[in-house]
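Undergrad: structure here, sequence nowhere to be found:
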């Protein structure tokens, strides 16, 4: 028969034998320290409190403490308390020191992450406070699997106003980011008998893997200066297509009006489904934002948005505007999967949207990121003129076309030697003819105080080699604002 206790201050469980209680307590405390459940510096309960919790004599606890202090496991000061000693674990039980991990890059220029230091903490906290004050206590129960109605209502109005999306709250599904939403859609497609998902020839590997994980094959569509080759959809045998029409990731081109119409014509004529990933549609710099293609055919397009770029990916908040017949199936897939965004975060985002705080954050971030984009283009033009910057009309990344004779591995290695993390375009290639060597540079992630240094090191990595400087002076200027289209 053993006695157990759980002290609320330590949240620690001990087993004591029915006999030899003091020896059992000493052994249990030694084991807890040795195993790391009681870490160095942890304060132990007073002997009176511990004795009451265990149902044993106080003297037994005091004697056990005194013995462990003498052995070096604990340390104590009269009137102050008892702690686990900083050197309590025996040397022979100490684990071998792990190998030193590789140092992370000092400057991260990989795409996909905003400036996390610019997260609107005060606005978020104020919105969370206001949302909790105005909400009934029942909202903190098990949430609606489709998403909180207050958030879906706020999103419907916001998406219609800023992205031209035609959707009512009852056709919105809140999910834990785009990856989660895509997994739900793929599950529904496969359950409906779909077999093939068309994807752009360059895009996230994780998206292709999501299709494969749900039993779908994927078929690559070439991308040129006008966007994905919508004219090849009919021959692809695809049941659905995943597109980034506003700002193709990572090439940076926009799907042309003619190809938008062709995509919708294919979807209506073939009964296909379009998945529109509007991952950074709010960040357009040189002209008015390009509206969502969902408005052209709301019954054929699933529109997917996220707060990952506008706020932070760690919030795990995204949304799907779903054709009416698919809503129940998407919600059922979500329930089966079990993932659910936090109710508090949903309430807070709804408050931000309705109060105007989300719009203010977008406008501020758009100005900051446009200035960063301009600085990137200016620094490269001045210090690395043989590398062309493309795909920068929108978004949080740029395509950096490498100088003649350079390879992506060479450029990435040179950047890593200067403390930069960068990614080559080849890692996004899904099939078909490859694009000329390029780096995909995310210019949003570094904090403001680090951005200047990161740009200088990137430019130094791609600065003309001595043998190329004379040739560069004689060569005509290379266009820097339009992307070089892939071979198709």
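TA: Nice, I can see it. Small disclaimer: the values here were computed from a predicted structure and weren't measured. Numbers count the residues shown, from 1 in each chain.
Undergrad: domain boundaries for this protein, per the record?
TA: What automatic domain parsing lists as the domains of the chain is 2-93, 118-356, 360-474.
Undergrad: start to end distance for the second one?
TA: Yep, that's domain 118-356 we're talking about. 18 Å (C-alpha to C-alpha, to the nearest Å).
Undergrad: any idea of the mean pLDDT for it?
TA: Domain 118-356 shows a mean pLDDT of 95.
Undergrad: chain center to that domain, what's the gap?
TA: How far domain 118-356 lies from its chain's middle: 15 Å, per C-alpha atoms, centre = their mean, to the nearest Å.
Undergrad: then the last one?
TA: On the basis of C-alpha atoms, centre = their mean, domain 360-474 sits 21 Å off its chain's mean C-alpha point.
Undergrad: out of the domains of the chain, flag the one nearest residue 105.
TA: Among those, domain 360-474 comes nearest to residue 105, with 3.7 Å by C-beta to C-beta. Yep, even glycine has a C-beta here, placed from its N, CA and C like the rest.
Undergrad: if we can go back for a sec, can you redo the domains of the chain as a markdown table with distance to residue 110?
TA: Shown next, in a markdown table, are the domains of the chain (distance: least, C-beta to C-beta, whole Å):
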| stretch | distance to residue 110 |
| --- | --- |
| domain 2-93 | 35 |
| domain 118-356 | 11 |
| domain 360-474 | 5 |
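Undergrad: for residue 162, what are phi and psi?
TA: When read as degrees, to the nearest 10, the backbone of residue 162 gives phi -100, psi -30.
Undergrad: pull the number of nearby residues for it.
TA: For residue 162, the count of nearby residues is 16 (other C-beta atoms under 10 Å).
Undergrad: and what of residue 265?
TA: 15.
Undergrad: are we agreed that it is in a strand?
TA: No: checked against DSSP: H, G, I helix; E, B strand; the rest coil, residue 265 lies outside a strand; its state is helix.
Undergrad: picking that back up, which one of the domains of the chain lies closest to residue 112?
TA: Nearest to residue 112 among the domains of the chain is domain 360-474 (6.3 Å), distances taken as C-beta to C-beta.
Undergrad: and of the domains of the chain, who's closest to residue 111?
TA: For the domains of the chain, the distance to residue 111 is smallest for domain 360-474, at 3.6 Å, taking C-beta to C-beta.
Undergrad: just list what the strand or helix carrying residue 333 packs against, helices and strands only.
TA: Element membership for residue 333 (DSSP states H and E) is helix 324-337. Under the contact criterion of 3 or more C-beta pairs under 8 Å, 6 or more residues apart in numbering; DSSP states H and E, helix 324-337 touches strand 172-175, helix 178-191.
Undergrad: just want the angle from it to helix 178-191.
TA: 110 degrees (axes from the mean of the first three to the mean of the last three C-alpha atoms, to 10 degrees).
Undergrad: please shift the residue numbers so they start at 37 in all later answers.
TA: Got it, first residue is 37 now, which makes that one helix 360-373.
Undergrad: give me the contact list for the helix or strand following helix 360-373.
TA: Next along the chain after helix 360-373, taking DSSP H and E as the criterion, comes helix 379-391. With C-beta atoms under 8 Å, 6 or more residues apart in numbering as the test, helix 379-391 has contacts from 159-160, 163-164, 166-168, 170-171, 175-176, 179, 183-184, 186-187, 189-191, 193-194, 210, 343, 347, 351-353, 393-394, 397.
Undergrad: buried stuff in helix 379-391?
TA: Neighbour counts using 16 or more other C-beta atoms under 10 Å place 379, 381-391 of helix 379-391 among the buried residues.
Undergrad: then stretch 262-274?
TA: Within stretch 262-274, the residues that count as buried by 16+ other C-beta under 10 Å are 263-266, 268-269, 272, 274.
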